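> Compute the structure for the input listed below.
(2 chains)
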Amino acid sequence: MENNSRRDFLLTGLITAGLVSGCTPKTDPFEAGASDVALPSGKKVKLLSVDGEEIEVDEAFLKPVPHMPPVSNTEARIGIPGKKFVMVIDLSRCKNLKKCQSACNHAHELNPGENWIKVDPMQDAEHTAPYWEPTTCMHCDEPPCVKVCPVDATFKRQDGIVLIDSDRCIGCRFCMAACPYSTRVFNWGEPEIAPAIASQPYSCETSVPQKKGTVGKCDFCADMTRMGELPHCVSACPNGVFAFGDINQDSVSNGAETFRFSDLIKDKGGYRLMEDLGTKPSVYYLPPVSRNFPFESGLENDKEQNK
Amino acid sequence: MENSITDEKIIADLLPQKFGKAGKIWVGVLTVICLIGLFAYYRQLRYGLIVTAMRDYVSWGIYISNFVFFVAISLVGSLITAIFRLAGVKWGAPLTRIAEIIAVAAIIFASLIIIVDMGSPERFYYLFTHGRIQSPIIWDVIVITTYFFISILLLYYPLLPDIKILLRFKQKSGNGLHKFYNYIGSFWQGTPAQFKLSEKAINILCITIIPVAFTIHTVTSWLFATTYRPGWDSTNFGAYFIAGAFLVGAGAVVVAMYVFRKAYHLEKYITESHFEKMGRVVVLLSLLYLYFNMNEFLTPFFKMKKSEEGYLNGLFSGDFSVVFWFAILIGIIIPVIILLFRQGRKPLPMFIVGIMVIVGAWFKRYLIVTPTLLNPFLPMHDVPASYHHYFPSWEEWAITMGSLAGTLLIITILARIFPIIPIQETLTEQHEKAI
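The predicted structure is shown next:
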C-alpha cells in the first residue's frame, strides 16, 4: 500500500516535469531542430576533443546529444560491427580512490554492497610489494561463463563484449561458479531501484534495471560505447588508471590521453590476469612500476567497505 | 498341498499393510517437516534467495549439496536392480523393490531441489525452449529425465505380477487402492507371452540404466569439474562421485532393509544372510570410495599449489577440518572397521553403519560445494563482511529437511501401496526350491 502511493507520487512528479518542460520549448534540449537556427553568442566553452586536444567552441553550437532509443535485443546480442573493445588498467596509477566503482554503481543503479568493479589490495608473495588492482569483467574471448550458461542468457558479442540478458537468466549461478575472476554478482533480493527506472524494460546494453534472481556484472558500458563514448569507470577516474578503446584501431583512451594500444603494452609490459587458464581476457594490466602513489595512500579509503 | 499353504502364507506376509500407530505418527511427523519446508520455500519465492545465507562468493550452498546427495542415493537403483541382475546375483532379488523405490523418491527430489536453487524458477521451462547443448546443466536435465523414466519403468514392470495378486484382495486394499491397482495393472494376465515380454523389457531396461546411471552422476560431478576452481578442477571427479554414490545408496538400502524388516516383520524374507552379504558390499564400496578420496586429496596435498593451499588447509586443519574428518571417519573408515567383523554384519550394527554412511555422505557433499567457493582466485574484497562466511539460514535448513522428509514420505507411501518384497518373485523362487 505504502509502496503504491509512493510510486503514484513519483509518477505524478514525472508527468508534471514533462508538462513543464513541454510548455517552455526553448529550454528543452531534445526538441528537434532547436539549435538549427543558432547564432553565435560570443560565449566560448573549452572542450576536450577525442584526440585529447583542448578546443574552444561557441556555446550556441553545442547540441546536447539526445538519448538514443534502446537497441533491440537482437542488435544488443550482435554488437557493434567492426569493433573489438579492449581495456588497459594501469596499476601504477591506482590509489584505490574507488571513483570508478561509485560511477559504475551509480550508472547501473546498483545496490550498496553490490560492486561490479572491485579494487583489491594485492600482494603476490611475502617480499613483493603490495598494489591496488581494480577488476572489471574481463570480457574473455574464451568466456567460461558463456560456455556453461544453459539458456544463452549470457553471451559473447562480435565486438568482444560479454553481456547478460536478465530477461533470460534463470538464476542457476553456474556462470558465477565458472568465472575464475569472481566478477559476477547476483541479485539475491529485490533490487531497490526508483520505481520509474525499475519499470523500464531491461536492456542488455545498459544492464538496467537489475532484476531479482538474476546475475549482473560489468558490461563495458555497451550503451556508452555504442554512442562512441568511454565507459563510466574510465571517465570517472581522475588518475587515468583505465584506458578503453578498439583493438582494431590500435587505440585506447583514458579521456585525457590517447595511446597506441600496441605501444602501450610493449613499452610498459602489459599482461592479462590468469593467462594460464586460457580464458583470453580483453582487459590488460600494466604492472605497478614507477608508481604515482604509495600503496598506503589507498588504505584509508579501503576501510569503509572492508571492516 | 504344503506348497499352497506356504503360498498363502507368503502372500499374507508380503501384502502391503495399513499404517499402525507408529506408522501414522511417522507419516504425520514427515508431513509437518514437509509443510515447514514449503512455508520456507514460500518465503524464498516471495523475497528471493536473499532469505538464504548464500551470497556472491558462496553462490551455491546446501541446496546444491543436497542435490548431489539425492542424485548419489538414486544410483543405488541401478546397482541393486541392474548390476546384480546382470551379474546373476540371486540373493539381491528381495531388495530390488526397496532399491528402486529409493531411487525413484531420490531422483524426484533431486529435480525439485535444483528448481528450489534457481533464482528465477518461473523460467524453468527456458531450459527446454532456450536450452544450449554445450552447457553441462542441459546434459544433466537430459540424463536425469531419462533416468527418472527408466527408474519408474523398472519399478513398474516387475510390479505387474504382484498387482495381479493384489487385485485378488479387494477387501484388504479397500476401494480406492483397488481402483488404482486396476487402473495401472488390470491388463496383466500373467500369460507366458506376457512374462516373456516383461522379462525382455526388464533386461533391456537393466542394460540401459547402467550407462545412464553412470552418466547422471558423472555429469553432476562435471557441474563442478568443468570450472577452474581449486577443489573442483579435477579429472578424478566423475569416478570419485560414482564410488561415493554407490556407497551412500547401499547404506540407504541397508537402513531401509532394517526398518521395513522390523516394521513389517519380514525376518523370513530379509534374512541375516542378506545383511551379511550387503555388509560385504558396503565394505567393498567404502574401500573403493576411500581409494578415490586418496586420489582426490593426496596428490594436491603433496604439491600444495598456491591456488589450492587455502582450500586444502581449510579441509585438513582449518575451518572445515572437523566436518571433513567427521565425514571421512564416520562415512568411510569406521564403517569399514565395523563391517570387517562378522558380528558387525548383523542387522543392528549394519543399521547403525548405514546411518553413519548416510550422515557422513551428506556432510561430504557439503564439503564438496562450500569450501571451494570460499577460496576464490582473487581475494574476497569490496563486499559486505557477511559474504566471507557461509552458514545456512533457517529457510535453507527447513527446505533441505523438508526435501529429505519428502523423500522418506514418498518411500513410505510407495511401501504402503506396493509390496516391499516382490511377491511373485518370492513365490517362483519358493517353487523352484521345492522342485
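> Could you report the neighbour count for the residue nearest to residue A:136 when sequence neighbours are not counted?
Residue nearest to residue A:136 in three dimensions, not counting chain neighbours: residue A:218, with 4.3 Å by Cβ to Cβ, 6 or more residues apart in numbering or on different chains. Quick note: C-beta positions are derived from backbone N, CA and C, even for glycine. The number of residues packed near residue A:218 is 27, by other Cβ atoms under 10 Å in any protein chain shown.
> same deal with residue B:185?
18.
> check contacts around it.
Contacts for residue B:185 (Cβ atoms under 8 Å, 6 or more residues apart in numbering or on different chains) come out as B:159-160, B:163-164, B:166-167.
> got it, and residue A:106?
If a contact means Cβ under 8 Å, 6+ apart, then residue A:106 has residue A:232 as its contacts.
> cool, residue B:357 as well?
By Cβ under 8 Å, 6+ apart, residue B:357 lies in contact with B:247-248, B:250-251, B:254, B:282, B:286, B:331, B:335.
> surely residue A:297 meets residue A:95?
Yes - judged on Cβ atoms under 8 Å, residue A:297 makes contact with residue A:95 at a distance of 4.7 Å.
> Please identify which of these two sits among more neighbours.
residue A:95 (21 against 14).
> Need the pLDDT of that one.
Among the per-residue scores, residue A:95 shows a pLDDT of 95.
> One more: residue B:87?
Reported pLDDT for residue B:87: 89.
> Ignoring the adjacent residues along the chain, who's closest to the residue in the stretch 251-400 of chain B that chain A sits nearest to?
Closest residue of the stretch 251-400 of chain B to chain A, Cβ to the nearest Cβ: residue B:382 (4.0 Å). Sequence neighbours aside, residue A:118 is the residue nearest to residue B:382 in space, at 4.0 Å (criterion: Cβ to Cβ, 6+ apart).
> beta partners of the one you found?
Applying DSSP bridges to residue A:118 gives these bridge partners: residue A:135.
> For residue B:224, see how far away the residue nearest to residue B:377 when sequence neighbours are not counted is.
In this structure, residue B:377 finds its nearest non-sequential neighbour in residue A:180, 5.1 Å apart by Cβ to Cβ, 6+ apart. Distance of residue A:180 to residue B:224, given as Cβ to Cβ, to the nearest Å: 14 Å.
> cool, and residue B:425?
40 Å.
> before we move on, what about residue B:428?
Residue B:428 is 45 Å from residue B:224, by Cβ to Cβ.
> Compare neighbour counts for these two and give me the winner.
Shown here are residue B:428 and residue B:224; by other Cβ under 10 Å, residue B:224 has more neighbours (22 against 14).
> element containing the more buried one, please.
Per DSSP states H and E: residue B:224 is located in helix B:192-225.
> now swap in residue A:284 and tell me
Counting by DSSP H and E, residue A:284 is part of strand A:283-286.
> What are the contacting residues of that strand?
When contacts are defined by Cβ under 8 Å, 6+ apart, strand A:283-286 is touched by residues A:86-92, A:133, A:136-139, A:264-265, A:268-273.
> Among those, which are located in strands?
If you go by DSSP state E, those have A:86-90, A:133 in strands.
> quick one, what contacts the closest residue to residue A:138 other than its chain neighbours?
Closest residue to residue A:138 apart from its sequence neighbours, by Cβ to Cβ, 6+ apart: residue A:281 at 3.5 Å. Contact analysis of residue A:281 by Cβ under 8 Å, 6+ apart lists A:138-141, A:181, A:272-274.
> So residue A:281, which state does it fall into?
On the three-state scheme (DSSP: H, G, I helix; E, B strand; the rest coil), residue A:281 is labelled coil.
> Can you check the pLDDT for it?
For residue A:281, the model assigns a pLDDT of 98.
> Can you give the domain ranges for chain A?
A:1-31, A:83-300 (automatic domain parsing).
> Comparing those, which yields the minimum mean pLDDT?
Mean pLDDT is lowest for domain A:1-31 among the domains of chain A, at a mean of 41.
> still on that earlier bit, list only buried entries from the contacts of strand A:283-286.
Among these, the ones that count as buried by 16 or more other Cβ atoms under 10 Å in any protein chain shown are A:86-92, A:133, A:136-139, A:264-265, A:268, A:270, A:272-273.
> Start and end of stretch B:154-172, how far apart?
With Cα to Cα, to the nearest Å as the measure, stretch B:154-172 spans 26 Å from end to end.
> Please enumerate the helices of the stretch 151-300 of chain A.
A:174-178, A:195-198, A:222-226, A:232-236, A:261-268 (DSSP state H, counting those that start in this stretch).
> Can you name every helix or strand that the second one contacts?
Taking 3 or more Cβ pairs under 8 Å, 6 or more residues apart in numbering or on different chains; DSSP states H and E as the contact definition, the neighbouring helices and strands of helix A:195-198 are helix A:2-23.
> Likewise for the first one?
For helix A:174-178, the packing partners by 3+ Cβ pairs under 8 Å, 6+ apart come out as helix A:144-148, helix B:192-225.
> tell me the most buried of the ones you listed?
helix A:144-148 (a mean of 22; mean count of other Cβ atoms under 10 Å in any protein chain shown).
> Reformat the helices and strands packed on helix A:174-178 into a markdown table and put distance to residue B:17 next to each item.
Shown next, in a markdown table, are the helices and strands packed on helix A:174-178 (distance: least, Cβ to Cβ, whole Å):
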| stretch | distance to residue B:17 |
| --- | --- |
| helix A:144-148 | 48 |
| helix B:192-225 | 26 |
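> now for these, which one comes closest to residue B:263?
helix B:192-225 (27.6 Å; Cβ to Cβ).
> thinking again about what came up before, JSON lines please, covering the ones in strands among the contacts of strand A:283-286 and showing distance to residue A:112.
Formatted as JSON lines, the ones in strands among the contacts of strand A:283-286 follow (distance: Cβ to Cβ, whole Å):
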{"residue": "A:86", "distance to residue A:112": "30"}
{"residue": "A:87", "distance to residue A:112": "25"}
{"residue": "A:88", "distance to residue A:112": "29"}
{"residue": "A:89", "distance to residue A:112": "24"}
{"residue": "A:90", "distance to residue A:112": "28"}
{"residue": "A:133", "distance to residue A:112": "22"}
